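# Sequence first, predicted coordinates after that:
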Amino acid sequence: MCALFNDNKKKVYKMFFHSSFNVLRTILQEGSFTKAAQKLDISGAAVGKHVQMLESKMKLRLFHRTTRTITPTDAAIKISAAVSQSEEHLNGVLEELVQEQSTPTGRLKINVPMSYGELFLAKPMAKFAASYPDVIIDVDFDDKRVHLIEEGYDLVVRIGILEDSGLIAKRISDFPILMCASPKLAQEFGNPKTPKDLSNWPFICYSNATQPSLWSYKTDEEKSSSVNLRPSLYANSASMMKEACIEGVGAALLPQFSCEAEIKSGDLIQILPKYKTAPERGVYVIYPDKKFMPLKVRKFIDMLQQN
């Protein structure tokens with residue numbers, strides 16, 4: 001049992017200042033630190049100190065801070081709702097939250113790209129669920145971009161180039177991208193010798209990319225350049241892109257894991273193998289905080305790094 005709860009059965013909330021819980025509740029009611037300070041007639045610095053004290057004592061993150069927003073965590077929402085109820089109820093909520101720091105428990109909300117998740121993470125996630133039955137995994141296999149904080153995810157898995165968001169990103173594996181085409185398409189347009197030979201080729205482009213119709217690459221000599229592609233289809237799914245590529249709709253930049261079998265079988269061929277997509281892609285797990293990371297999140301990240 002956490003040190004917050006001693007043998008004398010002192011109520012947890014008595015170990016903290018009542019005013020700090022009231023400040024927390026006011027922040028959530030007013031929607032910002034500034035408005036809470038105005039409501040309580042105290043300084044913004046004082047509001048921040050109340051929050052820091054609660055976070056330090058409970059070893060819980062109460063607000064996620066990014067370059068754009070300050071968003072309350074589930075813990076902050078639960079505590080705020082409990083403040084106006086009985087002492088016993090508040091004590092129970094605090095004990096439950098602190099317990100989560102020593103035992104993996106509670107809901108774990110995750111977002112993972114569809115193709116990668118189904119191929120690499122479905123089995124490890126099932127094993128994780130069996131190993132930690134008190135953790136309720138809520139996973140979205142989805143290729144769309146999500147806002148981790150705003151949409152309430154504990155962590156997301158991302159592939160490719162990362163945007164600077166102020167979140168924590170840990171690289172867990174490499175992610176090679178191959179330029180692929182069907183043998184029929186390669187025969188029709190001729191085997192390209194350089195990226196410039198692709199000017200008339202139709203392309204299946206990944207719609208979620210920052211510049212879907214631009215291929216940036218480097219040679220074996222590490223010289224970087226780029227070429228504009230001629231889109232014939234846009235898709236946000238690697239599986240859809242691969243199937244369209246096999247059918248000869250166009251060439252495509254495909255994740256190596258998704259097309260290895262088709263290259264081996266001859267359904268697809270790799271074109272321009274001497275030219276590597278740049279910058280190199282990786283697989284990242286992204287989460288909002290390292291200092292007060294819940295144990296369920298830490299255990300899940302450990303599992304990802306082992307697979």
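Here it is on my side, so go on.

# The stretch 101-250 of the chain: helices as residue ranges?
For the stretch 101-250 of the chain, helices defined by DSSP state H, counting those that start in this stretch occupy the ranges 114-116, 122-131, 183-189, 238-246.

# To Asp74, which of those helices lies closest?
helix 122-131 (19.7 Å; Cβ to Cβ). For every residue, glycine as well, the C-beta is placed using N, CA and C.

# Give the rounded mean pLDDT of the closest one.
Regarding helix 122-131, the rounded mean pLDDT is 90.

# Over to stretch 64-77?
Across stretch 64-77, pLDDT averages out at 79.

# Equivalent analysis for stretch 235-246, please.
Averaged over stretch 235-246, pLDDT sits at 92.

# chain center to it: distance?
23 Å (Cα atoms, centre = their mean, to the nearest Å).

# and it, which residues are buried?
Neighbour counts using 16 or more other Cβ atoms under 10 Å place 235-238, 240-242, 244-246 of stretch 235-246 among the buried residues.

# in the sheet, who's paired with the residue nearest the centre of the chain?
Taking Cα atoms, centre = their mean as the criterion, Val156 is the residue nearest the geometric centre of the chain, at 1.9 Å. Val156 has these beta-bridge partners by DSSP bridges: Asn111, Ile286.

# Minimum distance to Thr26: which of the helices of the stretch 101-250 of the chain has it?
Among the helices of the stretch 101-250 of the chain, helix 122-131 sits nearest to Thr26 (Cβ to Cβ), with 38.0 Å.

# helices and strands around that closest one, which ones?
When contacts are defined as 3 or more Cβ pairs under 8 Å, 6 or more residues apart in numbering; DSSP states H and E, helix 122-131 sits against strand 135-141, helix 295-306.

# list the buried ones in the first one?
Just to be clear, that refers to strand 135-141. Neighbour-count burial for strand 135-141, with 16+ other Cβ under 10 Å as criterion, is recorded at 135, 137, 139, 141.

# Nearest spatial neighbour of Leu90, chain-adjacent residues omitted?
Ala82 (4.4 Å; Cβ to Cβ, 6 or more residues apart in numbering).

# who's in contact with that neighbour?
89-90, 93-94 (Cβ atoms under 8 Å, 6 or more residues apart in numbering).

# swap in Val157?
110-113, 116-117, 121, 283-286, 304.
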